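Asks: A predicted structure for the sequence below; I have some questions about it.
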Amino acid sequence: MTMKWLETDTENCSVRRTLDLVGEKWSLLILRDAFNGVRRYDEFRRHLGLSEAVLADRLRKLVAAGVLRAEPYREPGTRTRYEYRLTPKGVDLWPVLLALKQWGDAYAGDPEGSVLDIRHTDCGAPVRVVVQCEGEEHATLAARDVTVRPGPGARPLTR
């Protein structure tokens, strides 16, 4: 007998684990800025307008999670500071941020249009996130086109 979703424990769900790492608003905004070339603490602070304590905490967590790496630099006459660069693990979050932007443009955007205009460098066409089947010659999918069932890591709900 197959376990149903409501019978499944979600403590080890990958969505939940991902949100534990990057699901806080400031973390996602730091990542947005990192994808757009912001590297230094002072730049993040000035652009995002958040407190030093919150910024330092979020950067520390993103580095500890392996999403960003801290690279030391030193300008003449100053102490060592760090630039924050996306790791391959962080770069893999790009479609997630693009999907959030896409949804936001459709349902929560500024009436004058998006703040970010993301286009394919080679042809100039707008970029969109889509869900696609891995099978050959399958079209873009909507939520109603898929079947979801507990996977190999699913455990029965015991509470």
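Replies: On my side now, so go ahead.
Asks: residues in contact with the residue lying closest to Arg159 once chain neighbours are set aside?
Replies: Among residues not flanking Arg159 along the chain, Asp9 sits closest, at 7.9 Å (Cβ to Cβ, 6 or more residues apart in numbering). C-betas here are computed from N, CA, C, even on glycine. Counting by Cβ atoms under 8 Å, 6 or more residues apart in numbering, Asp9 makes contact with 154-159.
Asks: just the buried members of the residues you listed?
Replies: Taking 16 or more other Cβ atoms under 10 Å as the criterion, what is buried in the contacts of Asp9 is Ala154.
Asks: could you dump the contacts of Asp9 to a markdown table with pLDDT, secondary structure and distance to Ile30?
Replies: Putting those into a markdown table (pLDDT from 0 to 100; DSSP: H, G, I helix; E, B strand; the rest coil; distance: Cβ to Cβ, whole Å) gives the following:
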| residue | pLDDT | secondary structure | distance to Ile30 |
| --- | --- | --- | --- |
| Ala154 | 85 | coil | 32 |
| Arg155 | 86 | strand | 33 |
| Pro156 | 85 | strand | 37 |
| Leu157 | 86 | coil | 34 |
| Thr158 | 84 | coil | 37 |
| Arg159 | 76 | coil | 34 |
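Asks: out of everything not next to it in sequence, what's closest to Glu24?
Replies: Closest residue to Glu24 apart from its sequence neighbours, by Cβ to Cβ, 6+ apart: Arg58 at 7.1 Å.
Asks: dump the residue contacts of that neighbour.
Replies: 24, 26-27, 30.
Asks: same thing but at 7 Å, please
Replies: Residues in contact with Arg58 (Cβ atoms under 7 Å, 6 or more residues apart in numbering) are 26-27, 30.
Asks: Restricted to helices, list those.
Replies: 26-27, 30 (DSSP state H).
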